[in-house]
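In: Output the structure for:
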Amino acid sequence: MNMTRPMIFRQLFEPVSSTYTYLLGCAETGEAVLVDPVMPAWQRDLEAVNDLGLRLVMTLDTHIHADHITSASLLRREVGSRIAIPALDALPCADVGIEDGVPLQFGGLQLDPVHTPGHTDNHFAIVAGDRVFTGNALLIDGCGRTDFPGGDAGQLWDSIQAILALPPDTRLFVGHDYGAEGRDEPRWEATVAEHRACNKHVKDGSDRGEWIRTRQARDRTLALPDRMLAALQINLRGGRLPDPENDDRHYLKLP
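Out: Next up, the predicted model:
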């Protein structure tokens, strides 16, 4: 991984869906990437890019989100940024297919995708030097659910263990923070060592079989995200509505 050049970094929080978007910029060339951009906050994100004197060249979604709508297509329309989406989805809206071990370049910097299935089968963590953007695989006080299409608790366990095998001081940045008992403020970062010591779902000493059973039992108690049926249809198009039908209207199909 090539992160010897200076990198500009900001985290941005969208409170409705409790989503973190991360802004990465190359200080030498002014090129920037947004990781997991959210539709309601697209203007805020562009303002952050512009305020730092950067130019947005790519948006990157760690997976197809079920709880919020990506702003990838809207940002491409506004500023010409390329859309990077996991190649496993083979979506026509993608300009770049994210593949395991295939670096993504912007400016003089490099991002290294790592396939981390389990929350969904097309989920990726993104490595940027000593930082890893974990998407929904690993959260501050737990991990992502595994009952969405393509989810698998055993795969998620294995993905998390691969992340937690990184050096102890590796900085892990999560895709969401929904809060926790005894903690009032959102939190977006913890080290590998902190997760191994304090993350009650996956800390050292956890048993794989017991964890899988507990994760599956917990998933059965969770309601579907409010926006899931709409979000999936839109996010599979990179954030665009479905094509208009014969009456020139766009429709979301709900069962």
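In: could you pull out the strands for the protein?
Out: In the chain, the segments counted as strands under DSSP state E are 7-14, 19-26, 31-35, 55-60, 82-86, 96-98, 104-106, 109-115, 124-128, 131-135, 138-139, 142-143, 171-174, 189-191.
In: now the helices: where do they sit in the stretch 151-255 of the chain?
Out: 153-164, 192-198, 208-219, 228-235 (DSSP state H, counting those that start in this stretch).
In: Same list, these, but as a markdown table with mean neighbour count, distance to residue 67 and mean pLDDT please.
Out: Every residue, glycine included, has its C-beta placed from N, CA and C. Listed next are the helices of the stretch 151-255 of the chain as a markdown table, based on neighbours: other C-beta atoms under 10 Å; distance: least, C-beta to C-beta, whole Å; pLDDT from 0 to 100:
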| stretch | mean neighbour count | distance to residue 67 | mean pLDDT |
| --- | --- | --- | --- |
| helix 153-164 | 20 | 17 | 98 |
| helix 192-198 | 16 | 22 | 97 |
| helix 208-219 | 14 | 14 | 96 |
| helix 228-235 | 19 | 6 | 74 |
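In: would CSV of those with distance to residue 139 be doable?
Out: Converted to CSV, the helices of the stretch 151-255 of the chain look like this (distance: least, C-beta to C-beta, whole Å):
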stretch, distance to residue 139
helix 153-164, 10
helix 192-198, 10
helix 208-219, 13
helix 228-235, 18
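In: Show the contacting residues for residue 168.
Out: Applying C-beta atoms under 8 Å, 6 or more residues apart in numbering to residue 168 gives the contacts 191, 192, 193, 196.
In: Residue 43 and residue 192, how far apart?
Out: 35 Å (C-beta to C-beta, to the nearest Å).
In: Same question for residue 111.
Out: 19 Å.
In: re earlier: relative to residue 135, which of the contacts of residue 168 is nearest.
Out: Closest to residue 135 out of the contacts of residue 168 is residue 192 (16.0 Å), distances taken as C-beta to C-beta.
In: residue contacts, the closest one?
Out: 163, 164, 166, 167, 168, 169, 170, 172.
In: and if you look at residue 8?
Out: So residue 8 contacts 23, 24, 25, 26, 27, 32, 52, 54 (C-beta under 8 Å, 6+ apart).
In: Kindly report the same for residue 218.
Out: If you count contacts by C-beta under 8 Å, 6+ apart, residue 218 has them with residue 145.
In: now it: how far from residue 95?
Out: Distance from residue 218 to residue 95, by C-beta to C-beta: 37 Å.
In: Check residue 142 too.
Out: Applying C-beta to C-beta, the value for residue 142 to residue 95 is 33 Å.
In: Not counting its neighbours along the chain, what's nearest the residue most central in space within the chain?
Out: Nearest residue to the geometric centre of the chain (C-alpha atoms, centre = their mean): residue 135, 3.3 Å. With sequence-adjacent residues excluded and distances taken as C-beta to C-beta, 6 or more residues apart in numbering, residue 135 is closest to residue 62, at 3.3 Å.
In: what does residue 8 give?
Out: residue 25 (3.5 Å).
In: Check whether the one you found really touches residue 54, as I assumed.
Out: Yes - between residue 25 and residue 54 there is a contact under C-beta atoms under 8 Å: 4.4 Å.
In: circling back to that earlier point, could the contacts of residue 168 be laid out in JSON lines, adding distance to residue 223?
Out: Supplementary listing: the contacts of residue 168 in JSON lines, determined by distance: C-beta to C-beta, whole Å:
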{"residue": "191", "distance to residue 223": "32"}
{"residue": "192", "distance to residue 223": "31"}
{"residue": "193", "distance to residue 223": "34"}
{"residue": "196", "distance to residue 223": "30"}
